[in-house]
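>>> turn this into a model:
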Amino acid sequence: MDDCIFCKIVRGDIPCRKVYDDGELLAFHDIHPAAKVHFMLIPKTHMDSLLEAEDSHAPLLGRMLVLAPRLAREQGLNNGFRTVINTGKGGGQEVFHLHIHIIGDDVSPVVG
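So this is what the prediction gives:
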């Protein structure tokens, strides 16, 4: 999608502070954080929202949910965090590219 801001971030047209990057997923810090740690995890392939999810997306969505706690711990959220997926206009979604917000204030030093 040419006009999608997250697709522009994936392409490198807009810079971001990366948390994670691989062949199919990208995580980056929110530019308007709601907590000490606030980043988004997105698929690199455009999908507007969970409203478009089908059985074929299960491996990707599962991978996102498994990756979220690992990245949260790497950012110091060892005592827990919130995950938020706003879905559709009625669900408060503002950027129509599927994304998971990972949010937390209880930051402890990263060990290891």
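
>>> any idea which element Leu61 lies in?
Taking DSSP states H and E as the criterion, Leu61 maps to helix 58-74.

>>> please disregard the earlier target; I meant Leu26.
Leu26 belongs to strand 25-29, assigned by DSSP H and E.

>>> and the gap between the residue nearest in space to the middle of the chain and Asp105?
Residue closest to the mean C-alpha point of the chain, counted by Cα atoms, centre = their mean, is Leu41 at 1.7 Å. Distance from Leu41 to Asp105, counting by Cβ to Cβ, to the nearest Å: 18 Å. C-beta coordinates here come from the backbone N, C-alpha and C atoms, glycine included.

>>> do Ile14 as well
27 Å.

>>> again, but for Asn86
20 Å.

>>> got a list of what Lys36 touches?
Gly104, Asp105, Val107 (Cβ atoms under 8 Å, 6 or more residues apart in numbering).

>>> who does the first one bridge with?
Here Gly104 shows beta-bridge partners Val37, assigned using DSSP bridges.

>>> contacting residues around it?
Applying Cβ under 8 Å, 6+ apart, the residues contacting Gly104 are Ala35, Lys36, Val37, His38, Ala72, Gln75, Leu77, Asn79, Gly80, Phe81, Arg82.

>>> ok, which pair from these is furthest apart?
Maximum pairwise distance among the contacts of Gly104 (Cβ to Cβ): 15.9 Å, between His38 and Asn79.

>>> lovely, talk soon.
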